[in-house]
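> Below: sequence and its predicted model.
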Amino acid sequence: MNAGRRAALALAASALLPALLLAGCSDPQPAAAGNDPANPGAATPTPSATLPTTEATPTRPPAKPSVPSARRHFRKVERITGALTPKSVDASAEGYVVAQNMIYTHTISVFGPDHELVTTIKDRITPSDFGYSKWDSPVQGGPVEASFSPDGDYVWVSNYSTYGPGFTKEGHDACSPASGYDRSFLYRVNTATWKIDGAVLVGSVPKYVQASPDGKTVLVTNWCSYDLSVIDTATMKQTARIPIGRYPRGIAITPDSRRAYIAVMGGGAIKTVDLAAIGRGERGRKVTSTLAEPGRAPRHLNLSPDAATLYVTLNGEGTIAKLNARTGKVLDTVRTGQAPRSSVLSPDGTALFVVNYESDTVSRVRTKDMTVLESTHVDHHPIGITYNAKTREIWVCSYIGVINIFKDATRKPTT
């Protein structure tokens, strides 16, 4: 971490109390319950009026890194509650974790490697400050998902809708391009200051976001416009909108940044996108194709470190599928619980961690043979998960306003 960033973080920490008091004054704007086609009848979370608090368990020295995650186990070390309604959590290489609190609190919570709250970022911007002269009044977003840039200097955050003057038709979970819902913004947050320093107008109801490994591109799946936004990080411009299909969701990008996989939750397909062709500006060339149709409602994607295997959560099937990333052949499946939603691979690729929304559990799956090694209960409706490689921890967020943290721990020796 450079000296400038350390100084900025120290300044942010000194201003933490006033920022938190201001964040607690905003009024949540609940969305209608039961409008998610993948989860009909889901209840709207009710945010707590209190600030995030922690329930700590004494920590132990980290285990030796030589032990693969497939031979480790969950050991709960923290439970964070308070002014949270997290839809997702994402970790940086430096050990910071951001929680996206959607429209219920209109904030992004930033936690440090020590689990303490660093700052709370409001989702309010004035679009004209970022080149959108049509909108010169403050508006709010609704943070859904996030992705850190490879160098850790930025975190990109998708916003479900934009709320305020000039925006008249807010997004919805049941929709199509013909619905005419407003487009929304992708935010860029500078991690030296934890301030929003950029915004790009993308499609309607942007959901998943993924920065490419080379740092040149950011991809966003637009739920209601059924397409993919391609962002040039150097120019901060949307360079392409690629038709994908009904309700696109998860994204995975190959290590060489030349190919992307997209989960089409409403249609059942896994699409591939030729990012290299888009980067060359090739017009008239078909850049998308169907890799596979592994089952109903594919939601989240993870690509193995060697880019040979793709793991897909099939929310409609209640299973996880392991695919050959080149041919699309289904190699294996496993059932982890009801409505598996988000997932994350361990850095060594030996374990896949999956949250099961309706089972209120998180599962560890051995990727070699797709065996469920263990499952443990978490708070109601777990929805997001991330692996903090800096601290070797699994963070699980539940929609009701709780984050559970587990050490990726080695087992105690038997006696």
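Looks like it came in fine.

> As a check, name the ranges of all helices in the stretch 151-300 of the chain.
Using DSSP state H, counting those that start in this stretch, the helices found in the stretch 151-300 of the chain span residues 275-279.

> List the residue ranges of it that fall below the pLDDT cut-off.
In the predicted model of the stretch 151-300 of the chain, residues 281-285 satisfy pLDDT under 70.

> do the same with the stretch 1-150 of the chain
Confidence mapping of the stretch 1-150 of the chain against pLDDT under 70 gives the ranges 1-65.

> mind listing the helices for it?
Along the stretch 1-150 of the chain, counting by DSSP H, counting those that start in this stretch, helices occupy 3-14, 16-23, 102-105.

> hey, where'd the strands end up in the stretch 251-400 of the chain?
259-264, 269-274, 288-292, 298-303, 309-314, 319-324, 330-334, 340-345, 351-356, 361-366, 371-377, 382-388, 393-398 (DSSP state E, counting those that start in this stretch).

> Kindly reformat those strands as a markdown table containing mean neighbour count and distance to residue 121.
(C-beta placed from N, C-alpha, C; glycine too.) Conversion of the strands of the stretch 251-400 of the chain to a markdown table gives the following (neighbours: other Cβ atoms under 10 Å; distance: least, Cβ to Cβ, whole Å):
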| stretch | mean neighbour count | distance to residue 121 |
| --- | --- | --- |
| strand 259-264 | 25 | 27 |
| strand 269-274 | 21 | 30 |
| strand 288-292 | 16 | 34 |
| strand 298-303 | 24 | 24 |
| strand 309-314 | 25 | 28 |
| strand 319-324 | 22 | 33 |
| strand 330-334 | 15 | 37 |
| strand 340-345 | 24 | 21 |
| strand 351-356 | 25 | 24 |
| strand 361-366 | 23 | 26 |
| strand 371-377 | 14 | 30 |
| strand 382-388 | 23 | 17 |
| strand 393-398 | 27 | 16 |
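
> which one of those lies closest to residue 153?
Set against residue 153 and scored by Cβ to Cβ, these come closest in strand 382-388, at 18.1 Å.

> partner strands of that closest one, parallel or antiparallel?
If you go by DSSP bridges, strand 382-388 pairs up with strand 393-398 (antiparallel).

> contact partners of the partner strand?
74, 77, 84, 86-89, 91, 97, 99, 344, 353, 355, 360, 362, 378-388, 403-408 (Cβ atoms under 8 Å, 6 or more residues apart in numbering).

> For residue 264, name its beta-bridge partners.
residue 248, residue 269.

> Could you tell me which residues make contact with it?
Neighbouring residues of residue 264 by Cβ under 8 Å, 6+ apart: 244-249, 270-271, 298.

> so can I have CSV of the strands of the stretch 251-400 of the chain showing distance to residue 140?
As requested, the strands of the stretch 251-400 of the chain are exported to CSV (distance: least, Cβ to Cβ, whole Å):
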stretch, distance to residue 140
strand 259-264, 28
strand 269-274, 31
strand 288-292, 33
strand 298-303, 26
strand 309-314, 30
strand 319-324, 35
strand 330-334, 40
strand 340-345, 24
strand 351-356, 27
strand 361-366, 31
strand 371-377, 34
strand 382-388, 21
strand 393-398, 21
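
> Of those strands, which is nearest residue 151?
Closest among the strands of the stretch 251-400 of the chain, once you apply Cβ to Cβ, is strand 382-388, at 17.5 Å.

> Need the residues that contact that closest one.
Contacts of strand 382-388 with the rest of the structure, by Cβ under 8 Å, 6+ apart, involve 86-91, 95, 97, 99-100, 113, 341-347, 353-357, 360-362, 393-399, 404, 408.

> re earlier: so which of the strands of the stretch 251-400 of the chain is nearest residue 226?
strand 259-264 (8.7 Å).

> Strands of the stretch 1-150 of the chain, start to end?
Secondary structure of the stretch 1-150 of the chain, counting by DSSP E, counting those that start in this stretch: strands at 53-56, 72-81, 88-91, 97-100, 107-111, 117-122, 143-148.

> tell me, how many neighbours does the residue nearest to residue 349 when sequence neighbours are not counted end up with?
Nearest residue to residue 349, sequence neighbours excluded (Cβ to Cβ, 6 or more residues apart in numbering): residue 305, at 4.5 Å. The burial metric for residue 305, expressed as a neighbour count using other Cβ atoms under 10 Å, is 13.

> ok, residue 305 to residue 203 distance?
Distance check for residue 305 against residue 203: by Cβ to Cβ, to the nearest Å, it reads 30 Å.
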